[in-house]
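*Asks:* attaching a predicted model along with its sequence, questions to come.
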Amino acid sequence: MPDRAPRKDAARNRAAALAAADTLFADCRSPDEITMADIAAAAGVGKGTLFRAFGDRTGLIRALYGARLEPLSAAVDSGPPPLGPATPPLERAPALLDALLCFKLDNRHLALALEGTGADSPYRTQHYEHWHALLRDLLERIPGLADAGFTAHALLAATRADLVGHLTDEEHVPREELRRRLADYARSALGGPVGRGPVTTD
């Protein structure tokens, strides 16, 4: 068919752009310094190709973040405990937060870039709204917990990429200590037992 080659080229260019962006964000000092021109040059494609494939820089960041997050999303949507939907809320909520924290620790610059894509607020990004809704709906199933929406906001605030960067770079909190603190904070906020450390999701 005559359109098969262009489709293959588009898919190949898209994959090359995502791979190049992934490397650039991982190696940069600040995500703000990565431009579409940088990504196009690293991928070996034209800037116009990037804009046709992703719309703009925000679209590219969202596409890359979604691709990186796909294994975690699958585990949350249909996986086994402790992340999957069959897990009791008091166990699942801390596990979701731990998984999100670990993802941001492993993809810090990309997470910072994504959180900066909100037009006027980081809380208006599709990514944040999705995780807030997921956590809020889960917390609503915990008896006696007041204001699940606010509690979901407060818990997610502890996983913001800028805070994670500050704690690891400025306060030098080790990864496992950060995970333990978040687990204790989450369980305390939800009325569960503290001092047990994070639910293992690795």
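*Replies:* Happy to help now that I have it.
*Asks:* A11: neighbouring residues, count only.
*Replies:* 11 (other CB atoms under 10 Å). From N, CA and C alone the C-beta is placed, and that goes for glycine too.
*Asks:* what lies in contact with the host helix or strand of it?
*Replies:* Secondary structure from DSSP states H and E places A11 in helix 4-27. The contact list for helix 4-27 (CB atoms under 8 Å, 6 or more residues apart in numbering) reads 31, 34, 38-40, 42-45, 49-50, 53-54, 60-61, 63-64, 67-68, 107, 109-110, 113.
*Asks:* buried ones in that helix?
*Replies:* Neighbour-count burial for helix 4-27, counted by 16 or more other CB atoms under 10 Å, picks out 13-14, 16-18, 20-22, 24-25.
*Asks:* that helix - what's its average pLDDT?
*Replies:* Mean pLDDT, computed over helix 4-27, is 88.
*Asks:* and if you look at stretch 187-202?
*Replies:* Stretch 187-202 shows a mean pLDDT of 74.
*Asks:* go on, stretch 147-159?
*Replies:* On average, stretch 147-159 scores 96.
*Asks:* buried ones in it?
*Replies:* Quick answer for stretch 147-159 (16+ other CB under 10 Å): 148, 151-152, 155-156, 158-159.
*Asks:* gap between L156 and H172?
*Replies:* Relative to H172, L156 is positioned 23 Å away (CB to CB, to the nearest Å).
*Asks:* same question for L64.
*Replies:* On the measure of CB to CB, L64 and H172 end up 28 Å apart.
*Asks:* S121 now?
*Replies:* S121 is 30 Å from H172, by CB to CB.
*Asks:* returning to that earlier point: so which of L64 and H172 has more stuff around it?
*Replies:* Per other CB under 10 Å, whichever of L64 and H172 has more neighbours is L64, with 23 against 8.
*Asks:* kind regards, and thank you for your time.
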